Structure formats: structure tokens, C-alpha cells
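Enquirer: Sequence first, then the predicted structure:
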Amino acid sequence: MNVLIRLCPELSLKAFAGLIAACGFLLLAAGQGLAAGISQFVGEYSGSVEIVKADGDTDPRDMSVVIREMKKGFTIKWTSTTEKDDGRRKSKTYEIEFQKTGRNGVYSAAMTRNVFGHSVPLDPMEGEPFVWGRITGDTLTVFSLFIHPNGDYEMQQYDRTLTEGGLSLVFTSRRNGEPQRQLETFLARH
């Protein structure tokens, strides 16, 4: 307080108190905006995408995602279902809990428990993905880092952007920085 008064001698104590109150209000509003940030994504979404294979054939996939808010973060559960040529359907489902970090809008993945019972990320040096999330405006992004046995790395990025009626999903995969695959689709909110 004394430093600010010395730097701005014309600032009265009453004006200084008003400035402090305004800053507190802005910090409170920013904190509420962050909390509302994840709540705007909460819901169930589904859609489909056609993946073009190397031979030019297409592979249709049904996709769904469920986003739920938790006290200290959120969970994302997503499912990808492919239909085989013989009519069989194969689904893969992943669910990850994300917890708040000390960084605004950045969330760590809590995918396993340590010996003390605390949720912690997986270990990429053991072939497991290192996962984290980020909320920037109306986009919720999940990043996954994989380290292959030979030391190559792969980054996967799922951008889920709020749009009218649902989410625009853009999936990008890079290996050693080189683009491998990109998929784009719309997931409708239910």
C-alpha cells in the first residue's frame, strides 16, 4: 500500500480503497468466468466422421463425448465406434478426470493413483500417454503425448469448440512434429 501511495501521491486513500475493491471484483469475476468456462461444455454430444484410409477407402466412425463437471475439475468420456465390413461394431471408450492446476484454464489428467492415494498423470517413459487439458475461450482442448520405444514422440490434440447446437471437433495427430492425421466433424448436443 505504501509503495502505491509513494508512486501516486495524488491518489487519495479513498480512491486507493476503491481501486483495491475494483481489483478484487475483477479477480472474483475472472474466477467465476473460469468456473463457468467448463460448465458451458457440460453435456452429451454425438456425431460421425468418415476416415479416408491410405488405399482411398473410407472407414465410417460414430463418435460420442460426455463432459461432466466435478468439484475440482471435470471428466471427459469419449467413444469411437467403427463398423466392420461384416457388420460387426467395435467400440473404444476412454474416460479421463481432469483436475485444476495452479495455471488458469490448464488442467492435469488424473489417470491413476500413487502410493498415497492421490490422483496423478501416467508416465510417458513407460509407454503411457501424458495427458492434460486446457480451456481457451470457447475451446476445450485435450493434449496427449506418447513416447514410442525408439524415442519418437506422438502428439494428439482434440479441440472441442462450442458451436450452435453442439461441438466442432478437430483431431490432429503429429509424429516427431510432422502431421499424420487430421479429422474434423460436428458433434450435436443431446
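Expert: That came through, no problem. Being a predicted model, the structure only gives us computed values, none of them experimental.

Enquirer: quick one: contacts for residue 93?
Expert: 77, 78, 79 (CB atoms under 8 Å, 6 or more residues apart in numbering). All C-beta atoms are positioned from the backbone trio N, CA, C, and that covers glycine.

Enquirer: can you do 10 Å?
Expert: 64, 66, 77, 78, 79, 80, 81 (CB atoms under 10 Å, 6 or more residues apart in numbering).

Enquirer: And residue 72, by the same measure?
Expert: Counted by CB under 10 Å, 6+ apart, residue 72 has contacts 97, 98, 99, 100, 107, 110, 119.

Enquirer: How about residue 47?
Expert: Residues in contact with residue 47 (CB under 10 Å, 6+ apart) are 61-65, 166-169, 185-188.

Enquirer: try it again with 7 Å
Expert: 63, 185, 186, 187, 188 (CB atoms under 7 Å, 6 or more residues apart in numbering).

Enquirer: on that earlier part again, counting only strands, which of the contacts of residue 72 make the cut?
Expert: 97, 98, 99, 100, 107, 110, 119 (DSSP state E).

Enquirer: For the fifth one, give its distance to residue 164.
Expert: Distance from residue 107 to residue 164, counting by CB to CB, to the nearest Å: 26 Å.

Enquirer: Would you mind telling me which of those two has more residues around it?
Expert: A side-by-side neighbour count of residue 107 and residue 164, using other CB atoms under 10 Å, places residue 107 first with 24 against 5.
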